[in-house]
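Asker: please work out how this folds:
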Amino acid sequence: MHNRTLVALAFGLLLAPRIGSAADVDLRTFVEAFLLRETRQLGEKVTVEIRRGSLPTATRDCTAPQAFMPAGRRAWGATVVGVRCMEPRWTLYVPVRVQVEGTYLTTARPLSAGTVMGPADWTAMTGDVAAQPAGVLRTPEQANGATLRIAVAAGAPLRADQLLIAQAVQRGQKVRVVYRAEGFEVANEGVALTAAVEGQNVQVRLAGGKVVQGVARDGGVVEVPR
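Answerer: Numbering: from 1, shown residues only. The predicted structure follows:
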């Protein structure tokens, strides 16, 4: 139900949803589809858990609801999704838990500060990426040749803030947010909410307050797939 192979269907549900006073299932589907779209770059399998008691027992009609991540919230782990309607005007919040199965790196042995990282220094693990610390490294390219600025115990998740590597995006930095699709490109501006190295996922708050997630690129650019 929640596999990435259903993302195209989920995205279609976002285009013309309708939430009615007796449409508890529609609200659930709407929130699930939004989270699948927000997390499709994070892992191969995404599982969205919405407890039955978390949904309101009744909602007013809305032909064009909008889902959003409240400021400071991530689209994975234990989080909250907002749903709002402009006409009639109302907003509600749905607590959810999102598990993202993917690959991340841990140390293969105890490593001291100043170690120049190589393939023998890490192990690729598969598990719930959402349960790992912020900034966990996802690919060998992010660690290979980087220098540790602190000592790291064996089996610990490798994080971007442990490495002396140039970050593509700094926390609080103004970044250029680029939406790319076949045949066109749209750019916007925002502020990075987290630091990230090249190729790592990063959250950005746009001028209007909306938080989006994309991939950090050198030069303060964040790519958001469409």
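Asker: who touches the closest residue to residue 130 other than its chain neighbours in this structure?
Answerer: In space, and not counting its chain neighbours, residue 130 is closest to residue 76: 3.8 Å by Cβ to Cβ, 6 or more residues apart in numbering. Where C-beta positions appear, they are placed from N, C-alpha and C, glycine not excepted. Contacts for residue 76 were tallied using Cβ atoms under 8 Å, 6 or more residues apart in numbering; they are 39, 42, 98, 99, 100, 129, 130.
Asker: partners of the fifth one in the sheet?
Answerer: In this case it means residue 100. On the basis of DSSP bridges, residue 100 is bridged to residue 46.
Asker: hmm, it is touching residue 38, no?
Answerer: No: at 10.5 Å, residue 100 and residue 38 do not qualify as touching, with contact defined as Cβ atoms under 8 Å.
Asker: and stretch 164-183, how far out from the chain middle?
Answerer: Averaged C-alpha coordinates place stretch 164-183 at 14 Å from its chain's average position (Cα atoms, centre = their mean, to the nearest Å).
Asker: what of stretch 200-217?
Answerer: Computed by Cα atoms, centre = their mean, the separation of stretch 200-217 from the middle of its chain amounts to 9 Å.
Asker: stretch 121-137 too?
Answerer: Stretch 121-137 sits 14 Å away from the centroid of its parent chain (Cα atoms, centre = their mean).
Asker: end to end on that stretch, go ahead and measure it.
Answerer: The first residue of stretch 121-137 is 13 Å away from its last residue (Cα to Cα, to the nearest Å).
Asker: contacts for it next, please.
Answerer: Taking contacts as Cβ under 8 Å, 6+ apart, the residues outside stretch 121-137 that touch it are 42-43, 74, 76-77, 98-109, 111, 115, 138, 140, 143, 157-161, 194-197, 200.
Asker: now a PyMOL select for only the buried ones of those residues.
Answerer: Only the buried members of the contacts of stretch 121-137 enter the following PyMOL selection, criterion being 16 or more other Cβ atoms under 10 Å:
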select buried, resi 42+43+74+76+77+98+99+100+101+102+104+105+106+107+111+115+138+143+157+158+159+160+194+195+196+197+200
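Asker: circling back to that earlier point, for the residue nearest to residue 130, grab phi and psi.
Answerer: Backbone torsions of residue 76, given as degrees, to the nearest 10, read phi -150, psi 170.
Asker: next one: it from residue 121, what distance?
Answerer: Taking Cβ to Cβ, to the nearest Å as the criterion, residue 76 is separated from residue 121 by 27 Å.
Asker: what segments of the chain are helices?
Answerer: Defined through DSSP state H, the helices belonging to the chain, from first to last, are 7-15, 24-39, 140-143.
Asker: mind showing which ranges of this protein have poor pLDDT?
Answerer: Across the chain, the ranges flagged by pLDDT under 70 are 1-25, 42-44, 57-60, 165-166, 181-183, 226.
Asker: what's the local residue count around residue 142?
Answerer: Other residues near residue 142 come to 22 when the count uses other Cβ atoms under 10 Å.
Asker: and if you look at residue 214?
Answerer: Other residues within reach of residue 214 by the criterion other Cβ under 10 Å amount to 24.
Asker: what segments of this protein are strands?
Answerer: Listed in chain order, the strands of the chain (DSSP state E) span residues 45-49, 66-68, 77-86, 89-107, 122-128, 147-148, 163-164, 174-181, 184-192, 201-206, 211-217, 221-225.
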